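A.B. asks: Sequence unavailable; structure follows:
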């Protein structure tokens, strides 16, 4: 490809992204993401917050308050350029209200109050059907027909994925919007959070220097899979935006693929190199099926790493072919597991390009530093 063809492809890609953003939210596009501060770009991953659990008790709201503080600690210490909410922002199966967007919106408050843009993918709990708490059953073990009088505004309808994402982008719309999420192409529904974000170069202002792909790995209202349609969508997008693979790429979704189970250290054993991490307390709980996404990613040398959540008791990175498979760190005090909370940080350097990562804990410490990619 000649230099003018690279520039033309970059310009067309930027125009397409702007048109998609305009059509999706009805507002002008926000300022582009860009490498800054010495050619660096930093991302904080917030995984498995699980807001809204047992709101009718004392401990439910208290753990949500603690999740707020974890994110505040990470944001103030790391000052990222982007936050990725890596699924399971809410525990919808434990939220008996007609509009879970109240909890969905709360998850963004720490980033919003600090002016940090964010992107979101869905997890398996975000639109899961409501499950009756055992304490609501009758003495004979029969679930009630109506909510208990002590639970005000109760409803079991749940909030669909599209409604959650639309509420997010509507609230934070406009030229200065902080949400960079998208409902994604309708042909991929019920998978919603499928979209691409570009990070532009600091040196060549109109050229993308990093591509980040976000995918809906299902669960909740439909099976836990990345579909063949999503694989074709990724192939189409990556071919259009990065035909020669010269732009580094990162990928984010919630539920690990079956490839994670293949490279995983033995559960509850010490994590040994080449894997790096500190938490290995359970088996990988992968998607229900593998329909070609990992094959497609492994064939692209430009893809450097995949980041997932879902397993609260894992925080390792392990190599798979020529890319890295990484878990985030359980960020929220909601959900299972009493392990200390934190956030995986991912920092890219533009020239020469590199990807480094570490875990920032709620007590302010860091650990598990690793280099995921480095070009000389």
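C.D. replies: It's in. Computed from a prediction, not measured in an experiment: that's the story for all the values here.
A.B. asks: and stretch 250-263, how far from the chain's centre?
C.D. replies: In terms of CA atoms, centre = their mean, to the nearest Å, the centre of stretch 250-263 is set 12 Å apart from its chain centre.
A.B. asks: Let's test this: mean pLDDT of that stretch, rounded?
C.D. replies: Model confidence over stretch 250-263, given as mean pLDDT, is 98.
A.B. asks: and the end-to-end length of it?
C.D. replies: End-to-end distance of stretch 250-263 (CA to CA, to the nearest Å): 19 Å.
A.B. asks: swap in stretch 201-212?
C.D. replies: End-to-end span of stretch 201-212 (CA to CA): 14 Å.
A.B. asks: Show me how far that stretch is from its chain's centre.
C.D. replies: Here the centre of mass of C-alpha atoms in stretch 201-212, compared against the chain's by CA atoms, centre = their mean, lies 22 Å away.
A.B. asks: What residues of that stretch count as buried?
C.D. replies: Taking 16 or more other CB atoms under 10 Å as the basis for neighbour counts, the residues of stretch 201-212 that come out buried are 201, 202, 207, 208, 209, 210, 211, 212. (Glycine included, C-beta is placed from N, CA and C.)
A.B. asks: quick one: contacts of that stretch?
C.D. replies: By CB atoms under 8 Å, 6 or more residues apart in numbering, the list of residues contacting stretch 201-212 from outside reads 6-7, 10-11, 13-14, 34-36, 39, 41, 119, 196-200, 238, 241-242, 247-252, 348, 350-351, 353.
A.B. asks: Show me how to select, in ChimeraX, the buried members of these.
C.D. replies: In ChimeraX syntax, the buried subset of the contacts of stretch 201-212 is picked out as below (16+ other CB under 10 Å):
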select :6,10,13,14,34,35,39,41,119,196,197,198,199,200,238,241,242,247,248,249,250,251,252,348,350,353
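A.B. asks: Just to be sure, residue 219 is in a strand?
C.D. replies: No. Residue assignment for residue 219, taken from DSSP: H, G, I helix; E, B strand; the rest coil, gives coil, which places it outside any strand.
A.B. asks: what's near enough to touch it?
C.D. replies: When contacts are counted by CB under 8 Å, 6+ apart, residue 219 touches 122, 123, 124, 125, 128, 254, 255.
A.B. asks: Now the terminal residues of stretch 233-253, how far apart.
C.D. replies: The stretch stretch 233-253 measures 15 Å between its terminal residues, going by CA to CA.
A.B. asks: now it: how far from the chain's centre is it?
C.D. replies: Counting by CA atoms, centre = their mean, stretch 233-253 is centred 17 Å from the centre of its parent chain.
A.B. asks: Do you know the pLDDT at the most centrally placed residue in the chain?
C.D. replies: Central residue check for the chain by CA atoms, centre = their mean: the C-alpha nearest the mean position is that of residue 86, 2.3 Å away. In this model, residue 86 is scored at 98, pLDDT.
A.B. asks: ok, it touching residue 44?
C.D. replies: No. No contact is recorded between residue 86 and residue 44 when judged using CB atoms under 8 Å, the distance being 10.2 Å.
A.B. asks: hey, what's in contact with both of these two?
C.D. replies: Once CB under 8 Å, 6+ apart is applied, it turns out that residue 86 and residue 44 contact no residue in common.
A.B. asks: just to revisit the earlier point, ok, and the most crowded of the contacts of residue 219?
C.D. replies: Each of the contacts of residue 219 was scored for neighbours by other CB atoms under 10 Å, and residue 123 scores highest at 34 neighbours.
A.B. asks: Name the spans of the stretch 251-376 of the chain whose pLDDT lies under the cut-off.
C.D. replies: Within the stretch 251-376 of the chain, the stretches with pLDDT under 70 are 376.
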